[in-house]
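J.: Mind folding the following:
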Amino acid sequence: MNKKLYNRKMDEKIRINKYLSEAGMCSRREADRMIEEGRITVNGEKAVSGQKVLPEDEICIDHVPVHKNEKKVLLLFNKPRGIVCSTKQQRQEITVTDYLKYPLRVYPVGRLDKESQGLLLLTNEGDLVNKIMRAGNYHEKEYFVIVNKPLDKDFIRRMSRGVPILDTVTRPCKVEQTGECSFRIILTQGLNRQIRRMCQYLGYEVQKLKRIRIMNLTLDGIREGEYREITPQEWEELNHLLASSSSETVRKTGGHNGNSSNHENERAGAQAGRGGKGVLSAGHRNHKQQRVRSDVRRTSGVGERNRNRSGKQSHHQRRV
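T.: I've put the predicted structure just below:
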């Protein structure tokens, strides 16, 4: 039986669900469920909810030890349509982990629904997942979308101001029309199938949806169905953007209270298209949302280059 790998050094006791999340085994909620089911042991004894563990403790899931491994992994994957963002196979679907067959256990950072495509991050760092995906941290995710009929100014205005879905109003966002039936949108939250639901509310149907950027990370140079590891420069930029991010606190995410104009990390990613690198120079970090909007227009070249590489006109997107 393969040994499971833990990737983070610990100097003090932490809750066992956090330990397993950071080990890339599962989410904290899934860990709590497995504890209740009696599938997790600590030093040969069944774990209990809320239990804290030390680095030297022997922790097992279904009798398989969780071992330390210092290698920290973050993959950038250009997900094709038809791949499911799950580590567990359901029915006859192809999961992202089965598709990649990466030698270490990794799991998706957020989701892209089965019919969407584009940038998907995979990691074995539990805290990294939380810092990137928590809506309260206001990190940007950028998408290219094609709908079933021509757009008008009213659609762009209403999409950018917020749309009532899922018992809330979506956070104000940046939207730019790129063609008769296409637009680019930058979100700082990730409600379930958010873009599809927003378009449906306004009388449009999404035909293609592709995520092209998460914070400073883009699809540049990654062909559909392929992946690569994050570069040292990208790690440095990402860590800077995550420096003030929380993996614990969830702030209010819906409605106009979600206006993100004063949040550094939302502003930061808007320059990702410049040079295709997603790099934000220090001199731009204090600009307000007006600058972001102008930068959004400059990012349009990124999606065009990606489409030219693949020979396709557009792309699908995630669970938004």
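J.: ok, which stretches of the stretch 51-200 of the chain are helices?
T.: 96-100, 126-133, 153-161, 194-201 (DSSP state H, counting those that start in this stretch).
J.: per-stretch mean pLDDT over those helices, give me the minimum one.
T.: Comparing mean pLDDT across the helices of the stretch 51-200 of the chain, the weakest is helix 126-133, with a mean of 82.
J.: So what's the gap between that one and the chain middle?
T.: Remark: helix 126-133 is offset 9 Å from the chain centroid, using CA atoms, centre = their mean, to the nearest Å.
J.: Identify each buried residue in stretch 100-119, please.
T.: 100, 102, 105-119 (16 or more other CB atoms under 10 Å). C-beta coordinates here come from the backbone N, C-alpha and C atoms, glycine included.
J.: next one: stretch 28-37
T.: 28, 31-32, 34-35.
J.: In a markdown table, list the residues you listed along with distance to Glu176 and pLDDT.
T.: Shown next, in a markdown table, are those (distance: CB to CB, whole Å; pLDDT from 0 to 100):
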| residue | distance to Glu176 | pLDDT |
| --- | --- | --- |
| Arg28 | 37 | 83 |
| Ala31 | 41 | 89 |
| Asp32 | 42 | 92 |
| Met34 | 44 | 92 |
| Ile35 | 47 | 94 |
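J.: so of those residues, which ones are in strands?
T.: Judged by DSSP state E, the subset of these located in strands is empty.
J.: I'd like those residues as a markdown table, with distance to Gln194 appended.
T.: Shown next, in a markdown table, are these (distance: CB to CB, whole Å):
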| residue | distance to Gln194 |
| --- | --- |
| Arg28 | 23 |
| Ala31 | 27 |
| Asp32 | 27 |
| Met34 | 30 |
| Ile35 | 32 |
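J.: closest to Gly221 among those residues?
T.: Arg28 (34.1 Å; CB to CB).
J.: Quick one: residues contacting that closest one.
T.: 17-18, 20-21, 126 (CB atoms under 8 Å, 6 or more residues apart in numbering).
J.: Cross those residues against helices and list the overlap.
T.: Among the contacts of Arg28, DSSP state H puts 17-18, 20-21, 126 in helices.
J.: So which helix or strand of the protein has the lowest pLDDT on average?
T.: One helix or strand of the chain scores below all others by mean pLDDT, DSSP states H and E: helix 289-298, with a mean of 38.
J.: May I ask which of the contacts of Arg28 has the most neighbours?
T.: Most neighbours among these, by other CB atoms under 10 Å: Leu20, with 27 neighbours.
J.: Surely it touches Asp57?
T.: No. With contact defined as CB atoms under 8 Å, Leu20 does not reach Asp57; the gap is 12.0 Å.
J.: Give me the mean pLDDT for stretch 16-27.
T.: Rounded mean pLDDT across stretch 16-27 is 80.
J.: How about residues contacting it?
T.: With CB under 8 Å, 6+ apart as the criterion, stretch 16-27 contacts 4-8, 10, 28-29, 31-32, 34-35, 40, 42, 47, 51-53, 59, 61, 66, 104-107, 123-127, 129.
J.: now do stretch 44-59
T.: Outside of stretch 44-59, the residues within contact range by CB under 8 Å, 6+ apart are 9-16, 19-20, 32, 35-36, 38, 40-43, 65-66, 68.
J.: mind listing which of the buried residues of stretch 100-119 are in strands?
T.: Among those, the ones falling in strands (DSSP E) are 107-109, 117-119.
J.: Reformat those residues as TSV; add distance to Cys181 and pLDDT.
T.: Below are those laid out as TSV (distance: CB to CB, whole Å; pLDDT from 0 to 100):
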residue	distance to Cys181	pLDDT
Tyr107	35	84
Pro108	29	90
Val109	30	89
Gln117	18	97
Gly118	18	97
Leu119	22	97
